[in-house]
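In: Okay, sequence plus prediction incoming.
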Amino acid sequence: MARKPQENPQLDMTPMIDVVFELIIFFVVTIKQEDLFTKLNCNRPAPPPPTQTVPKDEPDVTIEIGRRYDGSPQGVILYNKREVKRAELDAALRDIARTNTKTPVIVKCTGNSPHKALVDVLDICYRNKLFSVSVFSLDN
C-alpha cells in the first residue's frame with residue numbers, strides 16, 4: 001500500500017530544539033574556563049612612594065580623665081601626668097596636629113569620670129583634626 005502524499009508536510013521542531021538545549025547545557029557545564037588574566041603579558045605600574053610617614057619614635061598622646069576629689073562636677077584632665085585646663089590641652093593638641101594629624105590619641109577614663117570632660121576632650125581632638133582617637137575605660 002502506497003502512502004498518500006500529504007499536501008503540506010511539516011517537520012516537528014520540538015525534539016530538535018530539545019536536543020539543541022541539551023547540547024548547550026552539556027557544553028556550558030563541561031567547558032574548562034581558562035583564566036585570561038594569567039595569560040596577559042602586561043606591566044603594572046609600581047605603587048606610589050609613601051608621601052608621609054609617621055616617625056616610629058614619636059609616642060602616642062595619652063589623656064586621662066577622672067573625677068575631682070572635691071566633689072565638683074567638672075572632671076580633671078591629665079595630659080602627660082599633669083593636670084591641664086581645656087585651653088592648655090587645645091594648644092598642646094594644636095601643636096601636635098601641626099606636625100602630624102595622624103598621631104594616635106589615647107583617652108583613658110575612670111569609671112566615675114564625668115561625661116562632659118570626655119566630650120570636651122573629643123571636641124578638642126576633632127577641632128584640631130586628630131581623628132585617630134581611642135577611648136579606654138579604667139577600673140577605678
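Out: Structure received. Numbering: from 1, shown residues only.
In: And the contacts of the longest strand along the chain?
Out: As assigned by DSSP state E, the longest strand anywhere in the chain is strand 61-67. Here strand 61-67 makes contact (Cβ atoms under 8 Å, 6 or more residues apart in numbering) with 75-81, 89, 93, 96, 103-110, 112-114, 117-118, 121, 130, 138, 140. C-betas here are computed from N, CA, C, even on glycine.
In: Any of the residues you listed buried? List them.
Out: Burial by neighbour count, 16 or more other Cβ atoms under 10 Å: within the contacts of strand 61-67 this picks out 75-77, 79, 89, 93, 96, 103, 105, 107-110, 113-114, 117-118, 121, 130.
In: chain center to the longest strand of the chain: distance?
Out: Here the centre of strand 61-67 is set off from its chain's centre by 27 Å, with Cα atoms, centre = their mean, to the nearest Å.
In: Just the ones of the buried ones among the contacts of strand 61-67 in helices?
Out: Judged by DSSP state H, the buried ones among the contacts of strand 61-67 include Leu89, Leu93, Ile96, Ala117, Leu118, Val121 as members of helices.
In: need the contact list for the fifth one.
Out: With contact set as Cβ under 8 Å, 6+ apart, Leu118 has these partners: Ile65, Gly75, Val107, Cys109, Val135.
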